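# Whatever this is, show me its structure:
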Amino acid sequence: MKNELTVAENLDFWRAFLGNTGSAAALSIEDATDAVGLSGITHLPFGYLSAGQQRRIAFAKLLVAYRPVWILDEPTAALDASADRLFADLIGAHLTKGGIVLAATHQPLGLRNAQELKMTGFAGVDAGIWG
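Below you'll find the predicted structure:
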C-alpha cells in the first residue's frame, strides 16, 4: 500500500493489478471497506490511518481481488479485540466459500477447527548453534 494514495486508490490499484478472477466472491471497494468497518474513510490517504486501520484495509485488499488461498504473516498485529473478531469472521466467510488460509502467528486467531503447527524449537538450539 502506498501512503500517498487514498484508501480507494490503493484498493483500486490492487484490484486492477491482481485482476478479476471472474469470481462473484470479489467485492467492490465499498463493500470490502464496509466489511472491515471502515467504509467512511476511503477518501483519506492510506498514510493517515492508524496501524490498526491500515491492517483492516489490508484485509479489504484480500476482498477486492478474490484469491482462494490467503497466505498471511501476523495478520492480527496492531488489532484490537473487536478487529480480531472481525478478522476471524472474514476468515470464516472465506473458508465457507471454499478458500484456505495459511497464517503465521504468535497468537491464536480464534478459529474453530484450525490445524496448528507449533514451532517450539529447532535442531541445534540446545547445542548453542543459534546463539
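# which SSE is the closest residue to Trp70 other than its chain neighbours in?
Leaving aside its sequence neighbours, Trp70 sits nearest to Val101 (CB to CB, 6 or more residues apart in numbering; 4.6 Å). No exception for glycine: its C-beta is placed from N, CA and C like everyone else's. Using DSSP states H and E, Val101 sits in strand 100-104.
# picking up where we left off before, relative to Ala26, how far out is the residue nearest to Trp70?
For Val101, the distance to Ala26 equals 17 Å [CB to CB, to the nearest Å].
# List the neighbouring strands of the strand holding Val101 plus their orientation.
Taking DSSP bridges as the criterion, strand 100-104 forms sheet pairs with strand 69-73 (parallel).
# the bottom helix or strand of this structure by mean pLDDT?
helix 81-96 (a mean of 89; mean pLDDT, DSSP states H and E).
# Name the residues of that one that come out as buried.
Using 16 or more other CB atoms under 10 Å as the test for burial, helix 81-96 gives 83-84, 86-88, 90-91, 94-95.
# got the CA coordinates for it in PDB?
Extracted in PDB, the C-alpha atoms of helix 81-96 (Å, rounded to 0.1, in the frame of the first residue of the first chain):
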ATOM      1  CA  ALA A  81     -10.200  -7.300  20.300                       C
ATOM      2  CA  SER A  82     -13.100  -6.300  18.100                       C
ATOM      3  CA  ALA A  83     -10.900  -6.300  15.000                       C
ATOM      4  CA  ASP A  84      -9.600  -9.700  15.900                       C
ATOM      5  CA  ARG A  85     -13.200 -11.000  15.900                       C
ATOM      6  CA  LEU A  86     -13.900  -9.200  12.600                       C
ATOM      7  CA  PHE A  87     -10.800 -10.900  11.100                       C
ATOM      8  CA  ALA A  88     -11.900 -14.300  12.400                       C
ATOM      9  CA  ASP A  89     -15.300 -13.700  10.800                       C
ATOM     10  CA  LEU A  90     -13.700 -12.700   7.500                       C
ATOM     11  CA  ILE A  91     -11.600 -15.900   7.500                       C
ATOM     12  CA  GLY A  92     -14.800 -17.900   8.400                       C
ATOM     13  CA  ALA A  93     -16.600 -16.400   5.400                       C
ATOM     14  CA  HIS A  94     -13.500 -17.200   3.200                       C
ATOM     15  CA  LEU A  95     -13.500 -20.800   4.300                       C
ATOM     16  CA  THR A  96     -17.200 -21.100   3.600                       C
END
